[in-house]
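> My questions concern the predicted model and sequence given below.
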Amino acid sequence: MITGSITAGFRTMLDTYLLEALASEDHAFVMLFILFMSGLVGIIEKSGGLLGITEALRGFVKTPRSAQLAAFAAGCLIFFDDYSNCLIAGNSMRPLSDLAGVSREKLAFIVDATAAPIASISPVSAWVGFEIDLIQQELNRIYELYDEPTVPNSGFGVFLQTIPYRYYCIFMLFFMFSCILSGRDSGPMLIAERLNRIYGRTDGGEGRALAVDGGALVSHNEPAPDTPCRWWNMAFPIAMLLVYIFYLLVYTGKDPSNPNQTFLEIMEGSDSYSALLWGTMAGALTATAFYFLQDKYQGRIIWFNVKGYMNKARRTIRSFRRNNTDIEEETETHPKILIRYDEAMSSFMIGMEKIFQSLVTLILAWASGQIMQAVGLNRLFGAIITSPGLDYKMLPTISFCTSILIAFATGTSWGTMTIMFPLIVVPSYEASSGDLNIVYGVIAGILAGAVAGDHASPISDTTILGAMASECKLLNHVKTQAPYAFITAIWSILVGTIPSGKASLNNGVCILLGFLASVFSTTLPAAAPINKTGRFDVVTELYILITKNEYLLKLKEDTKKVSETGETLILPKEADDTTKITNDMTKHLVDDEEIASSDKTGTGDDAEVGVVPESAAARSASIMSGISEVGPEDPLPNETTVDADKDNLADSTLSA
């Protein structure tokens with residue numbers, strides 16, 4: 001369309017659009033920041049800091065509720081990178097959630113649903129540089145087209161202003177927290193949780209799945225087996241990173257000619273690109289120096305081990321005098337530095353390697369955005385948006401819904417943002433005559449909608465990574481998480497983008513209504529996994545009423561028995577080997593070709609409790625005895641075998 005021929009278009013795509021995407025100075029800032037941030041995460045992971053945070057939370061895990069809260073807290077604390085969030089929270093919390101009777105579907109939902117929402121709204125994360133760059137490009141276009149723009153010319157300042165308008169990200173965190181506290185679930189998630197609780201499973205349930213080649217999905221940057229995992233090795237570098245970035249934002253934003261600048265004016269006038277780039281590199285160097293001050297010895301951390309350094313120097317001198325430069329065996333039993341210099345550099349490179357695929361996607365998305373502008377797609381959207389028949393107050397809702405559809409279809413939130421920003425931001429500014437409420441709402445709608453569509457997409461990278469890190473079957477994860485994403489998106493529209501865009505409600509009131517809506521959705525229509533009547537959520541009960549599904553009716557009766565007797569039910573192994581769910585409502589619990597083959601008691605010799613690295617398994621085994629409850633409040637009941645009715649059910653399913 002642009003060049004008139006396929007061959008010329010192919011060459012233009014390579015030597016013009018891709019090259020310009022790489023050659024842009026702003027894009028280079030963003031890529032370097034993302035690389036440095038990922039490298040810093042790699043160093044922190046190697047030091048044991050990331051695992052130390054999760055281990056610090058393990059002491060609170062006593063019930064299914066506390067196990068879910070610990071996973072939620074881990075996801076919130078690892079706010080600076082969604083990939084690291086999924087890998088660390090999923091792998092480290094999986095053994096604990098299994099032992100507490102939490103289904104793999106629920107763990108995967110918590111891991112996945114905290115990753116992108118937290119990273120996308122955090123002022124310090126791998127996302128912020130990319131989002132600021134997109135915002136700044138559109139601000140530059142607005143300042144080129146209009147003489148007196150009403151919007152501030154600061155990508156970081158506008159980024160901060162849009163955070164309260166990102167209703168989906170905020171409401172999803174509300175929804176998840178309320179769901180955990182209430183101990184209730186709905187739809188496929190409720191079925192998965194109920195199957196775990198009433199049959200006393202401690203192996204993750206029907207949704208469990210091993211990673212590729214039968215092994216666990218692990219990072220190749222794990223701390224050494226003799227490295228003590230301490231929470232401060234993550235907390236201190238991240239705290240210093242925040243200090244560096246905040247100081248640099250203030251330093252670059254101050255105007256010597258205007259001593260009466262407000263804080264917001266300073267932030268809007270700051271050079272966010274430089275602050276993020278310098279701050280992340282300073283944070284990486286500070287973290288490395290911080291780890292050099294610590295020695296490890298027999299599971300302990302020794303600070304400022306001056307005596308040890310002097311002894312090591314003496315041993316080295318004696319070794320050279322004996323013409324023996326290999327002192328590794330001699331010093332093996334002595335304190336060693338937490339991370340050697342070569343390990344720090346290697347882990348920094350491994351951290352950058354993890355983000356390479358995302359950088360490739362990002363570059364292609366930048367090029368695609370420029371191509372779409374070249375073919376005039378932005379002018380088409382502009383003509384539609386500025387037409388008199390369209391109410392500009394609905395633009396935040398339109399941008400949110402459109403972003404959901406694109407992200408769901410493509411599976412990439414960053415690609416969706418790159419496509420949407422050039423198409424809708426400037427036309428929205430023109431249609432609303434510079435109304436900041438609409439501009440902020442449209443930008444936030446794009447960013448939040450991309451996350452929402454990404455959550456529901458089975459081809460999303462974070463969806464796949466969250467399922468793999470939690471060792472949950474991908475299809476099970478998608479089918480149990482998608483209804484929750486849909487509910488949250490609906491509330492984001494009804495009490496968020498629509499009333500906010502029409503200025504009928506204050507933004508703070510919209511957030512409060514979203515919180516109340518999340519509490520309502522996770523209490524009244526939902527149901528606890530174990531309850532006296534065995535009832536399901538409202539939608540599932542309606543489904544049972546219409547279809548008379550025998551499997552769900554039997555599951556309901558089993559729930560009543562567990563509630564009355566206080567004893568979990570155990571399927572005989574022969575029934576467990578052959579039981580399959582074939583109804584459309586419940587077939588999400590097992591794949592059509594797969595038959596569950598593990599002992600559902602979780603106590604046999606061949607029971608799986610999650611394949612994890614040996615060190616992590618050893619650390620979690622010590623707290624096994626402390627996990628003693630199945631329900632949010634009920635103690636773990638004694639196990640008993642199923643009655644004759646259950647045997648009949650197994651026979652009938654076998655013959656089927």
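It's in.

> ok, which stretches of this structure are strands?
When assigned using DSSP state E, the strands of the chain occupy the ranges 294-297, 300-303, 336-337, 568-570, 639-641.

> Looking at the ones you listed, which is nearest to Y167?
Closest to Y167 of the strands of the chain is strand 568-570 (CB to CB; 40.0 Å). Bear in mind the C-beta positions are built from the backbone N, C-alpha and C, glycine included.

> re earlier: please identify the deepest-packed of the strands of the chain.
strand 568-570 (a mean of 22; mean count of other CB atoms under 10 Å).

> And the average pLDDT for that one is what?
Taken as a whole, strand 568-570 has a mean pLDDT of 74.

> Equivalent analysis for stretch 400-411, please.
For stretch 400-411, the per-residue pLDDT averages 89.

> May I see the buried residues of that stretch?
Of the residues in stretch 400-411, 400-404, 406-408, 410-411 count as buried by neighbour count, 16 or more other CB atoms under 10 Å.

> Show the pLDDT at the closest residue to R141 other than its chain neighbours.
Excluding the flanking residues, the one nearest R141 by CB to CB, 6 or more residues apart in numbering is V426, at 5.4 Å. Listed pLDDT for V426 reads 91.

> now the closest residue in space to F292 that isn't next to it in sequence: how far from T533?
Nearest non-adjacent residue to F292, counting by CB to CB, 6+ apart: I337, 6.3 Å away. Relative to T533, I337 is positioned 60 Å away (CB to CB, to the nearest Å).

> returning to that earlier point: may I have the predicted confidence score for the residue nearest to F292?
82.

> who's it bridged to?
Counting by DSSP bridges, I337 is bridged to D295.

> follow-up on the earlier one: can I get the buried residues of stretch 400-411 in CSV with distance to M352?
Listed next are those as CSV, based on distance: CB to CB, whole Å:
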residue, distance to M352
F400, 33
C401, 35
T402, 33
S403, 28
I404, 31
I406, 28
A407, 25
F408, 29
T410, 25
G411, 23
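
> give me the low-pLDDT residue ranges for the stretch 1-150 of the chain?
Applying pLDDT under 70 to the stretch 1-150 of the chain flags residues 1-4, 80-81, 84.

> Which residue ranges of it form helices?
Under the criterion DSSP state H, counting those that start in this stretch, helices of the stretch 1-150 of the chain are mapped to 6-12, 19-23, 25-47, 49-58, 64-77, 82-99, 104-121, 128-145.

> Looking at the buried residues of stretch 400-411, spot the one nearest R104.
Minimum distance to R104 across these is 21.4 Å, recorded for G411 (CB to CB).

> you'd agree the closest one is up against S460?
Yes - if you go by CB atoms under 8 Å, G411 and S460 touch, sitting 4.4 Å apart.

> Give me the common contacts of the two.
D454 (CB atoms under 8 Å, 6 or more residues apart in numbering).

> Quick check: end-to-end length of stretch 381-393?
Start-to-end span of stretch 381-393 (CA to CA, to the nearest Å) is 16 Å.

> So for that stretch, what gets flagged as buried?
Neighbour-count burial for stretch 381-393 flags 381-382, 385, 392-393 (criterion: 16+ other CB under 10 Å).

> on that earlier part again, list just the one of the helices of the stretch 1-150 of the chain that sits closest to V509.
Counting by CB to CB, V509 lies closest to helix 104-121 out of the helices of the stretch 1-150 of the chain; the figure is 19.3 Å.

> Tell me which other helices or strands the closest one touches.
If you count contacts as 3 or more CB pairs under 8 Å, 6 or more residues apart in numbering; DSSP states H and E, helix 104-121 packs onto helix 64-77, helix 82-99, helix 167-182, helix 187-198, helix 436-456, helix 461-469, helix 474-492.

> Including mean neighbour count and distance to Y291, could the ones you listed go into TSV?
Formatted as TSV, these follow (neighbours: other CB atoms under 10 Å; distance: least, CB to CB, whole Å):
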stretch	mean neighbour count	distance to Y291
helix 64-77	23	19
helix 82-99	28	17
helix 167-182	24	32
helix 187-198	25	40
helix 436-456	28	33
helix 461-469	24	25
helix 474-492	22	35
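
> Which of the ones you listed sits closest to S346?
Nearest to S346, of all the helices and strands packed on helix 104-121, is helix 82-99, at 16.8 Å by CB to CB.

> and the angle from that closest one to helix 49-58?
30 degrees (axes from the mean of the first three to the mean of the last three CA atoms, to 10 degrees).

> re earlier: dump the strands of the chain to JSON lines, plus distance to K561.
Below are the strands of the chain laid out as JSON lines (distance: least, CB to CB, whole Å):
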{"stretch": "strand 294-297", "distance to K561": "52"}
{"stretch": "strand 300-303", "distance to K561": "50"}
{"stretch": "strand 336-337", "distance to K561": "56"}
{"stretch": "strand 568-570", "distance to K561": "7"}
{"stretch": "strand 639-641", "distance to K561": "10"}
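
> Out of those strands, the one nearest S319 is which?
strand 336-337 (16.1 Å).

> Give me the neighbour count for A8.
Applying other CB atoms under 10 Å, we find 11 residues neighbouring A8.

> starting at the chain centroid, how far to stretch 51-64?
In terms of CA atoms, centre = their mean, to the nearest Å, the centre of stretch 51-64 is set 18 Å apart from its chain centre.

> so what's F290 up against?
Counting by CB under 8 Å, 6+ apart, F290 makes contact with 233, 236-237.

> and the nearest residue to R300 once chain neighbours are set aside, backbone torsions?
Distances taken as CB to CB, 6+ apart put P228 closest to R300, at 6.4 Å, once the chain neighbours are dropped. Taking degrees, to the nearest 10, you get phi -70, psi 130 for the backbone angles of P228.

> quick revisit: quick one: contacts for the residue nearest to F292?
Contact partners of I337, counting by CB under 8 Å, 6+ apart, are 291-292, 294-296.

> would you list those residues in a markdown table and tack on distance to V128?
Converted to a markdown table, the contacts of I337 look like this (distance: CB to CB, whole Å):
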| residue | distance to V128 |
| --- | --- |
| Y291 | 25 |
| F292 | 29 |
| Q294 | 30 |
| D295 | 35 |
| K296 | 33 |
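
> Rebuild these as TSV, extending it with pLDDT and distance to V478.
As requested, the contacts of I337 are exported to TSV (pLDDT from 0 to 100; distance: CB to CB, whole Å):
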residue	pLDDT	distance to V478
Y291	90	39
F292	88	44
Q294	88	42
D295	85	46
K296	85	41
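
> Those residues: which two are farthest apart?
Distance extremes for the contacts of I337: the farthest pair is F292 and K296 at 12.1 Å, using CB to CB.

> Name the residues contacting each of those two.
By CB under 8 Å, 6+ apart, F292 and K296 have these common neighbours: 337-338.

> Tell me how many other residues surround K560.
Look at K560: counted by other CB under 10 Å, it has 16 neighbours.

> I'd guessed L423 sits against A383; true?
No - counting by CB under 8 Å, L423 does not reach A383; the two are 11.5 Å apart.

> how close does R197 get to H220?
Per CB to CB, R197 is found 35 Å from H220.

> Can you tell me the centre-most residue of the protein?
Centroid-nearest residue in the chain, with CA atoms, centre = their mean: A115, separated by 1.5 Å.

> My guess is that one contacts I464. True?
No - contact criterion CB under 8 Å: A115 and I464 do not qualify, at 12.0 Å.

> ok so, going back, any idea which of the contacts of I337 is closest to F174?
Closest approach between the contacts of I337 and F174, by CB to CB: Y291, at 36.8 Å.

> hang on, isn't the closest one packed against K336?
No - if you go by CB under 8 Å, Y291 and K336 don't touch, sitting 11.8 Å apart.

> Quickly note the distance from G59 to S66.
As for G59, its distance to S66 is 10 Å (criterion: CB to CB).
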